[in-house]
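[1] could you look at this predicted model? Sequence included:
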Amino acid sequence: MNPRDYPMQENDDLCPDIASKAYTSKFARESDTPPSICVVEAVAEAIETDPKDLQPLYESIDPDALNILLESPHQFNRGCITFRFAGCNVTVSTDEWIAVLPRVND
């Protein structure tokens, strides 16, 4: 899945205050692409760089844990996870949204 800019609507996301100021992307739980890869792709798109040029995601968050939480609706079915990655604040919602807010000062 290639990240794209999706307009967010308030009822689509649990964190609309973050998403309204950020680059947003959507991922699908049923997709063959894990949420952790979608996060890397979304951040790379937001800061206009190649995903291979980013630091490893595991330096910011455990990618396997992120995938388990977001791929299993029985584990974590409502909420957002926010963390810093590649100089950005990243919020991933159980509503299948990724919001990337590049930071001015890291």
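    Perfect, thanks for sending it. Numbering: from 1, shown residues only.
[2] what residue ranges in this structure score low on pLDDT?
    Counting by pLDDT under 70, the chain contains low-confidence residues at 1-21, 73-77, 104-106.
[3] the longest helix along it - contacts with which helices or strands?
    Determined from DSSP state H, the single longest helix within the chain is helix 35-46. Applying 3 or more CB pairs under 8 Å, 6 or more residues apart in numbering; DSSP states H and E, we find helix 35-46 packed against strand 23-26, helix 63-71, strand 88-93, strand 97-102. The way it works is simple: take the backbone N, C-alpha and C, and place the C-beta from them, glycine included.
[4] any chance of these in JSON lines, with distance to Cys38 too?
    Formatted as JSON lines, those follow (distance: least, CB to CB, whole Å):
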{"stretch": "strand 23-26", "distance to Cys38": "7"}
{"stretch": "helix 63-71", "distance to Cys38": "9"}
{"stretch": "strand 88-93", "distance to Cys38": "8"}
{"stretch": "strand 97-102", "distance to Cys38": "6"}
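[5] helix or strand for Phe83, which one?
    strand 80-85 (DSSP states H and E).
[6] can you list the strands that that strand pairs with?
    strand 88-93 (antiparallel) (DSSP bridges).
[7] alpha carbons of the strand it pairs with, in CSV - could you do that?
    These are the backbone C-alpha positions of strand 88-93, laid out as CSV (Å, rounded to 0.1, in the frame of the first residue of the first chain):
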residue,chain,number,x,y,z
CYS,A,88,7.9,13.2,13.5
ASN,A,89,5.1,12.6,15.9
VAL,A,90,3.2,9.6,14.6
THR,A,91,-0.3,8.6,15.7
VAL,A,92,-1.8,5.3,14.6
SER,A,93,-5.4,4.8,15.2
